Structure formats: structure tokens, C-alpha cells
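1. got a structure for you, letters missing:
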């Protein structure tokens, strides 16, 4: 019986993960849930510890992890978020950040032209390198002569393997996004790895775009994208843009994956939303769809598609939270999804 760890986290995290876990229970897959409900900002503020070695061991020993949200306005140090998310990504080598984006209903799209609303793509973001690697520093901090440097790190291994994953995920084609005309060193490496991949996958339609052009085309021609592969920072930005085009961050799911080991950490991308925490209006769809990704990668594609179908059904009929055009509470929306599962 597989065990999954659940880290509810901060803000609306406990509210939305509660509904996601209830959906997992309703699927009847025999999953055991190990809840790490002590991992949150309160503990970090009291002890300075984000994750203990024991926490990491419990997560590592599980089949997968579902995370709610990390972040609290009382915490001003980046060490908390880095100590949870970035530590897990680094220690478990979760080198693929997977962001599927699909418009749930046309009323949710901010695009006026109905012909441009057919958005159904996946953004594959390199997840362990780039500008988020934490390499850099500051000279003469706090003075008018302050100098701040953050290093954008790319390696042949990191770039090659994430591009390979993108080609493996393609249904219609792959678009590689970089800024090699302005960032020459990393750009040359990405371009070299891209050319090598084109030779390995000649049967897969492929194209390259600079990141500014890709952002424009996501708005103007979102239906032309299938799989986008890019670095850590560009992927972070483009995936939030795509999620907004598909109805907002409240419905956006993600996975942090190591395809070699099969382990994944799954999380909605909306953050902890402290301004609405405890009000019962948080949208659970992002967490529920993250749970669908989790069960899919555990080998239950039919169950995952059943969850996605239930979500689409509830959104289409307005049985959802106010941000998606409904009037239900968080718990009400979760119950509607479970009812739609039959």
C-alpha cells in the first residue's frame, strides 16, 4: 500500500490540501497518507528550522508528496521557502517542473478573441539550476556602492535531461525558449543541447523562440503551443502567464519530478494567499489537479483523468468557488468534485 506524504504548509495550504486528500480517498486507490502538519511558518519563526532531516527522510521514503503552500508575511527571510522547496528540489534532484495548462471553460479566459482560447499545453521548466541556484553575493551591502550578483547556472547534464523529458512529453511538438541572443554563455549551452536533441528526435516537430517572443505568442497564439521547455526563471514567468490565460493561478497544478527515480512533489502554484486564509473561499482546484498529477505518475492514469473530468464538470456548471464564477466555499467545491466522480 503506497504511502504519500502531505505537507499542508501555510495560509490556504491546509484548506486546499484537505479537499485534495479527500478526493484521493474517494478514488479508493489504497493510498496511506502521512501528514507533516508541523512544517509551517510558526515552527520556523520559533526554531529557525524549515525542514528537519527527519522530515526529509519521511518524504524521501514515501511514494510521492503533496504540498499545500509555503509562505507567511511574518517571515522576511528567504531561508524558510528555500529551506522547504529548494531543499527538496535539490536533495531529491527534482529537475523537472511540470506545469500542464488547459482552459477549463471559455468564460475563464481573459482573451477577447474566442479563436485564441484553445489553450492546452505543458511547460517543462528546468528546476534545479538557473538563477535560482543560490550562487551569488553582495558587496558593500547597504551603501550607495552596493553590488549584487546572482549567477545563472546551466550545466550540460541539467539542460540535456530536461530537454529530453520535454521531447518525451510531446504530443504535437516542442518549443525551446531561451534568450541566447542576449545571454550568450548559457545560451550557447542551451542551443548546443537543443541541436543535439533535434538529431535524436527527428520525428518530433520542434521550434525555438526567444522568451520575449514566446510571451507575446502565448497571448496572441496560445493554441500553437504543445510543450514548452525552458530554464528555471523563464519557466517560472511563462507558466504563470499561461495559467492566467487558462483561468487563473487558483486552478493551476504543478509537479516537481525526478523521472529517473519516479519521485514527485506536487503542489498548486497559487501560494499561501494569506489575505484569504481561513475565510473558506480558497479555490481547491489547483490542489486537486496536483493530486491528479500525483496519482497519474503513480501509475493510475484513468483515476487522474476521472479527477480532471470531475473538475471540468463542476467548473462548467458553476459548482466552484467565486474566483471561477461560482459561489461555493472551499469545502463545497471539494464536495462537488467528489460528487462528480460518481
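-> Structure's in. What do you need? What you see is a predicted model, and the numbers here were worked out from it, not measured in a lab.

2. what's the burial count for the residue nearest to residue 251 when sequence neighbours are not counted?
-> Spatial nearest neighbour of residue 251, excluding adjacent residues (CB to CB, 6 or more residues apart in numbering): residue 285 at 4.4 Å. All C-beta atoms are positioned from the backbone trio N, CA, C, and that covers glycine. Using other CB atoms under 10 Å, residue 285 is surrounded by 31 other residues.

3. what separates residue 285 from residue 279, distance-wise?
-> Distance of residue 285 to residue 279, computed by CB to CB, to the nearest Å: 17 Å.

4. quick revisit: residues touching the residue nearest to residue 251, list them.
-> By CB atoms under 8 Å, 6 or more residues apart in numbering, residue 285 lies in contact with 104, 250, 251, 311, 315, 320, 321, 324, 333, 337.

5. Over to it: give its phi and psi.
-> phi -60, psi -40 (degrees, to the nearest 10).

6. what does the model give it for pLDDT?
-> What the model reports as pLDDT for residue 285 is 97.

7. Renumber starting at 53 from here on
-> Happy to do that; since the first residue is 53 now, the last one works out to residue 337.

8. distance of it from residue 328?
-> Relative to residue 328, and taking CB to CB, residue 337 is found at 15 Å.

9. contacting residues around residue 324?
-> By CB under 8 Å, 6+ apart, the contact list for residue 324 reads 61, 62, 63, 64, 65, 120, 121, 122, 123, 124.

10. Leaving out chain neighbours, which residue sits closest to the fourth one?
-> Pointing back at residue 64 there. Here the residue nearest residue 64, using CB to CB, 6+ apart, is residue 334, at 3.8 Å.

11. isn't the one you found right next to residue 328, touching?
-> Yes. Using CB atoms under 8 Å as the test, residue 334 is close enough to residue 328 to be in contact (5.9 Å).

12. quick one on the thing from earlier: output the contacts of residue 337 in JSON lines; the columns should cover pLDDT, secondary structure and distance to residue 252.
-> As requested, the contacts of residue 337 are exported to JSON lines (pLDDT from 0 to 100; DSSP: H, G, I helix; E, B strand; the rest coil; distance: CB to CB, whole Å):
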{"residue": "156", "pLDDT": "89", "secondary structure": "coil", "distance to residue 252": "35"}
{"residue": "302", "pLDDT": "91", "secondary structure": "helix", "distance to residue 252": "38"}
{"residue": "303", "pLDDT": "94", "secondary structure": "helix", "distance to residue 252": "34"}
{"residue": "363", "pLDDT": "97", "secondary structure": "helix", "distance to residue 252": "35"}
{"residue": "367", "pLDDT": "96", "secondary structure": "helix", "distance to residue 252": "39"}
{"residue": "372", "pLDDT": "96", "secondary structure": "coil", "distance to residue 252": "42"}
{"residue": "373", "pLDDT": "96", "secondary structure": "coil", "distance to residue 252": "44"}
{"residue": "376", "pLDDT": "93", "secondary structure": "helix", "distance to residue 252": "41"}
{"residue": "385", "pLDDT": "97", "secondary structure": "helix", "distance to residue 252": "44"}
{"residue": "389", "pLDDT": "98", "secondary structure": "helix", "distance to residue 252": "40"}
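
13. from those residues, which two are the most distant?
-> 302 and 389 (13.7 Å; CB to CB).

14. Okay, now the unreliable bits of the protein?
-> For the chain, applying pLDDT under 70 flags the ranges 167-168.

15. Would you map the strands across it?
-> For the chain, applying DSSP state E gives strands covering 55-61, 84-87, 116-121, 148-154, 172-178, 188-191, 199-202, 226-230, 258-262, 279-282, 305-309, 316-320.

16. So which of those is nearest residue 107?
-> Evaluated over these, closeness to residue 107 peaks at strand 55-61, with 8.4 Å, by CB to CB.

17. Show residues contacting that closest one.
-> So strand 55-61 is in contact with 65-66, 69-70, 73, 76, 83-89, 91-92, 110-111, 113-123, 136, 324, 346, going by CB under 8 Å, 6+ apart.

18. Closest to the centroid, which residue in this protein?
-> Nearest to the geometric centre of the chain sits residue 306, at 2.8 Å (CA atoms, centre = their mean).

19. quick one: contacts for that one?
-> 149, 150, 151, 291, 318, 319, 320, 321, 342, 345.

20. what bridges to it?
-> Applying DSSP bridges to residue 306 yields these beta-bridge partners: residue 319.
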